[in-house]
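Peer 1: sequence? don't have it. structure:
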Ligand SMILES: Nc1ncnc2c1ncn2[C@@H]1O[C@H](COP(=O)(O)OP(=O)(O)OP(=O)(O)O)[C@@H](O)[C@H]1O
Ligand SMILES: NC(=O)c1ccc[n+]([C@@H]2O[C@H](COP(=O)(O)O)[C@@H](O)[C@H]2O)c1
Ligand SMILES: [Zn+2]
């Protein structure tokens, strides 16, 4: 397939990134290789979107520090970027809304770059969306506009089953309008999970499961624990991130008590 015929994709990873680890960065590389290996996609951009402080997760340090670390971690990447739109919002933003925000941004970029009459384009897109209603195809029907896909680990996919954590409508919107690229994680079985869910099974063509053969169980929880114990975290995180954490003494027994009594924002909806 000629490169101009391939679908452009933007990958959006939402998460705490508390702190960002090498595995978060690997997720992007694995996903890009997987999608491009199908011969159908060109991945043009990756976005790291740290969750806002109102998310209320235990041990979460301020968004300002998490964004700075994510920027340090991605400074050598020519395609992974960090965007602080989500964490600048006053309230926690459900992931479906974050996707909507970036989807709108992609469309407005398309309109800026394009001299075709905006009204006509919107009308055509609406028509195409109506034609595609009920099918597992992505919301971006214009060939030039990149498709936006949610990039996540299998634990996030499996969290769709946690009562009251996700709205069914949001899950449906994510899998039908955008699509998911899901990286396997130790202890998770995303294929089985998809098979057991009627909703996910219906949209299975929009869920790309990427098997990571080099099982790498780096987790931010493990990193924070090691830091509290004064143990080295070098080579689990990019060096500039390790230095930033040390200079600011970011993760301590006290920071781990942040939000200890707080109910996670999605449960408050
Ligand atoms: N080792 C890993 N393998 C696959 N996916 C991962 C891995 N670590 C993180 N992710 C994914 O990265 C995204 C952001 O995750 P998050 O910020 O929660 O990191 P985490 O390491 O899971 O942190 P925590 O331990 O605090 O939950 C999520 O989609 C998560 O599933
Ligand atoms: N209903 C929802 O939209 C919903 C629920 C739970 C988590 N999330 C998101 O998933 C990510 C999960 O991050 P953690 O794994 O660090 O908790 C965050 O970006 C969070 O906002 C979204
Ligand atoms: Zn996590």
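Peer 2: Happy to help now that I have it. The shown structure was predicted, so the numbers you read here are calculated from the model rather than taken from an experiment. Ligands and ions are numbered 1, 2, ... in the order given.

Peer 1: can we go C-alpha only for contacts and neighbour counts from here?
Peer 2: Fine.

Peer 1: and the helices in the stretch 1-150 of the chain?
Peer 2: 22-37, 63-73, 85-88, 95-112, 118-132 (DSSP state H, counting those that start in this stretch).

Peer 1: so which of the ones you listed gets nearest residue 211?
Peer 2: Closest to residue 211 of these is helix 22-37 (CA to CA; 8.6 Å).

Peer 1: can you tell if the closest one touches ligand 1?
Peer 2: Yes. Interface with ligand 1: helix 22-37 contributes 23-24 (CA under 6 Å from any ligand atom).

Peer 1: next, the angle from that helix to helix 63-73.
Peer 2: Here the directions of helix 22-37 and helix 63-73 differ by 60 degrees (axes from the mean of the first three to the mean of the last three CA atoms, to 10 degrees).

Peer 1: what's helix 22-37 in contact with?
Peer 2: 11, 17, 41-43, 46, 74, 80, 151-153, 181-183, 210, 212, 216, 218-219, 235-238 (CA atoms under 8 Å, 6 or more residues apart in numbering).

Peer 1: do that helix and ligand 2 meet at all?
Peer 2: No. Figure legend: helix 22-37 not in contact with ligand 2 (CA under 6 Å from any ligand atom); closest approach 11.3 Å.

Peer 1: pLDDT on that helix, on average?
Peer 2: Averaging pLDDT along helix 22-37 yields 98.

Peer 1: how far away is the closest residue to residue 73 other than its chain neighbours from residue 91?
Peer 2: Closest residue to residue 73 apart from its sequence neighbours, by CA to CA, 6 or more residues apart in numbering: residue 238 at 5.8 Å. Separation of residue 238 from residue 91 (CA to CA, to the nearest Å): 30 Å.
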